[in-house]
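Chemist: next comes the sequence, and after it the predicted model I'd like to discuss.
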Amino acid sequence: MLRRRLPFTTGVLVAIIVTGIATGTLWDAAEDRTWFDHIGYGLPALADGRWWTPVTGSFLALTPLFYLPVLLSFAVFAGSAEWRLGTGRTAAICGLGQLAGVLGAALTLLAFRDTGWPWAHQLATHLDVGFSAGALACAAAVSATVRSPWRLRLRAGLWVYVGVSFLFLGGLADLEHLWAVAIALPLSRRLAGGHRVGPPGRVRAGRREWRLFAATGLALIAVAELVLWLFPADSPLGTTGGEDTGWGIAVNIALVALLANGLRNGRRVAWWGATTLASINVLAGALAVPGFAFGQETTAEKALTMTGSVLWTAELALLVLTRWAFRAPLRRGFGVAAGIGGADAAVTRDLLRRHGGGTLSWMATWPDNAHFRTPDGQSVLAYRRHAGVAVGLGDPIGPAGSPAGAVRAFTAACEHAGVVPCLFSVTRPVADAAAQLGWSRVQIAEDTLVDLEGLELRGRKWQNVRSALNRATKEGMSYRHVVLADEPWGVRSQVRAICDEWVGDKGMPEMGFTLGGMEEALDPATRVGLAVDADGSVHGVTSWLPVHGPDGEVHGWTLDLMRRRSEGFRPAMEFLIGSAILAFQADGMRFVSLSGAPLARSGSDTEAAPVERLLDVLSRELEPVYGFRSLHSFKAKFNPRHEPMYLAYRDEGDLPRIGMALTRAYLPDTNLHTLLKLATTHTDRPGGR
């Protein structure tokens, strides 16, 4: 399969392995062989007229230890290019990139070897082998086929790799890599041809990207200085190392550990600290430059200081040019604290009745939610903050046609506060509005809607529901449509006992967030259905949340709580939902929503994205515990139509934190021990939601 899809990559890998076996360089270093001068490429070989060496040297590695990284890097970079760009284009990019790296390095050394620069004079006598420059050229070309923000991250990663390697290691291969990337990256859109994505011109980064780059750069400098102090190398600025620099590096690492996370979150205090630290290191490097420039002997300590100061200069420039991205106060939070304008449940209810909302919008009024209000005061978005993530709940509540503005304002407030924004259980219009801002989305549930106009419970497809209604009549079961808060204490206590029994018998925590419980059912705006026998005993309970239309009136209801007594009337849920459908239809409602079961959807998509496939796996693993798929199948008895519900997020890099935040949102009081127990223990399917 791979040989047919990636013939060039496979062929080169096989050629490298076969050449290594035939020459014995898989177990003995190629540079120690007598014929190495006739095979390896570099300035000496080209100066002596051995023009073939850029070809012959590409299929070897310097030492046996180098074969694994050479093979892996070529497989990843060239393989990705061939997969995306095609065989012919990849072969041309790889070959020309390899040649550009070899010739560029040779010309550089030719220009500087007689200038008195010890590094250039010494390296001008070296030879090299390997196909790594061509592989990196392929990676540069592939960057044009990757969507934002990963395109910018990949390009930044390539620049950082070749730049740090050249400054701190300074080998012939590092110089070749620098040339290959320096030529291929600016030409990447042309090299990718019709396979490129995104608009032409400069790739723009948002506030979050600059924060990430600044924090990563700070950490990278500290790690690079530590490694070069422990393992000295002949860098372009001299041999690094020395005991005298140890304390300075230790101080840098300690300060970086304190500042990096603050930079990632956009903290103003961290920016000042990092700017000060970078300035001190740049000044220290500048003081060592005159001696190097006038040919004085460069000590190992000065070499490491000057080498590090080059990176510190780049970091300082980045911090100064992007200072606008680091304005978050020391304490997290947004809303009133950030000058955006907060809201509460009362304001949210008022906006709901004024502008209407979606099937989940009433959940925004629940007490555990915080509320973000747009600067114009016209829209509100409920959210919960966990693990440094603000999880927006459902569609923004506001005037028609305003979701894009609300999402943009919510994102800006989150970035100012240094938290990750995402939108959970939003409808397609909101997901589309987020996509216009460059966000991604993944379907995480399906809303199940039953249209009530002209509905009749006839035909074979309604047989299960009719059977439950008929059986309830025979067994003396009645349906009561009530406001639970107005019911007598005896009824409320029975409902509470049913809820407590469900949680206790299942041996698992009750979920929250988009899944209400007894307290939410006591809201006077909520309607509750009760299955009551002739003796007044409650056998089951459902709760329904109002759905307001654009005119402010209630047009439908959303199913929330579902509970039944373990020893009670068995088809209680079918009876309760079927009876509620008829009751709401009689009241003139347009629809009911049976809500969406998390991580469940109809059918399967063989072309699903990796994130969607991961969610499908998670759904299967959680099925024995929470029964999301079984619940989704149960709702099919009521013949609903389905509307997708999405998780909208900025990019895949946020997903691990979003996953943690959603776990805490649904299970806020669950400790690690309980989560591990849930992951390893299978219980019976729950009898309710």
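Modeler: Noted; the coordinates are in hand. Fair warning: this is a prediction, and the values are worked out from it, not measured in the lab.
Chemist: give me the buried positions along the helix or strand hosting residue 111.
Modeler: According to DSSP states H and E, residue 111 maps onto helix 87-112. Using 16 or more other CB atoms under 10 Å as the test for burial, helix 87-112 gives 87, 89-91, 93-106, 108-109, 112. Just so you know, the C-beta spots here come from the backbone N, C-alpha and C atoms, and that holds for glycine as well.
Chemist: and for stretch 368-383?
Modeler: Taking 16+ other CB under 10 Å as the criterion, stretch 368-383 shows 369, 370, 371, 372, 373, 374, 378, 379, 380, 381, 382, 383 as buried.
Chemist: who's the last one bridged to?
Modeler: In this case it means residue 383. Beta-bridge partners for residue 383, by DSSP bridges, are residue 370, residue 392.
Chemist: so for it, what's the pLDDT?
Modeler: On pLDDT, residue 383 comes in at 94.
Chemist: then the fifth one?
Modeler: At residue 373 the predicted local confidence, pLDDT, stands at 91.
Chemist: would you tell me what the next helix or strand after the host helix or strand of residue 15 is?
Modeler: Residue 15 is part of helix 7-23 when elements are defined by DSSP H and E. Next helix or strand after helix 7-23 toward the C-terminus (DSSP H and E): helix 36-39.
Chemist: so after that next one, what's the next helix or strand?
Modeler: On the C-terminal side of helix 36-39, the closest following helix or strand by DSSP H and E is helix 43-47.
Chemist: how about residue 514, phi and psi?
Modeler: Dihedral pair for residue 514: phi -100, psi 10, per degrees, to the nearest 10.
Chemist: next up, the contacts around it.
Modeler: Contacts here follow CB atoms under 8 Å, 6 or more residues apart in numbering; on that basis residue 514 touches 360, 363, 393, 424, 425, 595, 598, 666.
Chemist: what's the answer for residue 455, then?
Modeler: By CB under 8 Å, 6+ apart, the contact set of residue 455 is 581, 585.
Chemist: low-confidence ranges in the stretch 51-200 of the chain?
Modeler: Applying pLDDT under 70 to the stretch 51-200 of the chain flags the ranges 198-200.
Chemist: show me what whatever helix or strand residue 558 lives in is packed up against.
Modeler: Residue 558 is part of strand 554-564 when elements are defined by DSSP H and E. Other helices and strands packing on strand 554-564, by 3 or more CB pairs under 8 Å, 6 or more residues apart in numbering; DSSP states H and E, are helix 489-506, helix 518-521, strand 527-532, strand 538-548, helix 572-586, strand 591-593.
Chemist: parallel or antiparallel, list what pairs with the shortest one.
Modeler: Spelled out, it's strand 591-593. Paired with strand 591-593 in the same sheet, following DSSP bridges, are strand 440-451 (antiparallel), strand 554-564 (parallel).
Chemist: JSON lines for those, including mean pLDDT and distance to residue 148?
Modeler: Listed next are the strands paired with strand 591-593 as JSON lines, based on pLDDT from 0 to 100; distance: least, CB to CB, whole Å:
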{"stretch": "strand 440-451", "mean pLDDT": "91", "distance to residue 148": "11"}
{"stretch": "strand 554-564", "mean pLDDT": "94", "distance to residue 148": "36"}
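Chemist: would you turn those strands into TSV with mean neighbour count and distance to residue 54?
Modeler: Shown next, in TSV, are those (neighbours: other CB atoms under 10 Å; distance: least, CB to CB, whole Å):
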stretch	mean neighbour count	distance to residue 54
strand 440-451	20	42
strand 554-564	23	68
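Chemist: and of the ones you listed, who's closest to residue 472?
Modeler: In terms of CB to CB, the element of the strands paired with strand 591-593 nearest to residue 472 is strand 554-564, at 12.5 Å.
Chemist: would you mind getting the angle between that closest one and strand 538-548?
Modeler: Interaxial angle, strand 554-564 versus strand 538-548 (axes from the mean of the first three to the mean of the last three CA atoms, to 10 degrees): 150 degrees.
Chemist: taking strand 527-532 as reference, get the angle to strand 554-564.
Modeler: Taking the same axes, to 10 degrees, one finds strand 554-564 and strand 527-532 inclined to each other by 40 degrees.
Chemist: with just CA atoms, put strand 554-564 into CSV.
Modeler: Output of strand 554-564 as CSV, limited to C-alpha atoms (Å, rounded to 0.1, in the frame of the first residue of the first chain):
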residue,chain,number,x,y,z
VAL,A,554,-42.6,29.8,24.4
HIS,A,555,-42.8,27.8,21.2
GLY,A,556,-41.4,24.5,22.4
TRP,A,557,-40.0,22.5,25.3
THR,A,558,-36.7,20.6,25.8
LEU,A,559,-36.5,17.3,27.8
ASP,A,560,-34.1,17.4,30.6
LEU,A,561,-34.6,15.2,33.7
MET,A,562,-35.6,11.5,33.2
ARG,A,563,-35.9,9.3,36.2
ARG,A,564,-38.1,6.3,37.2
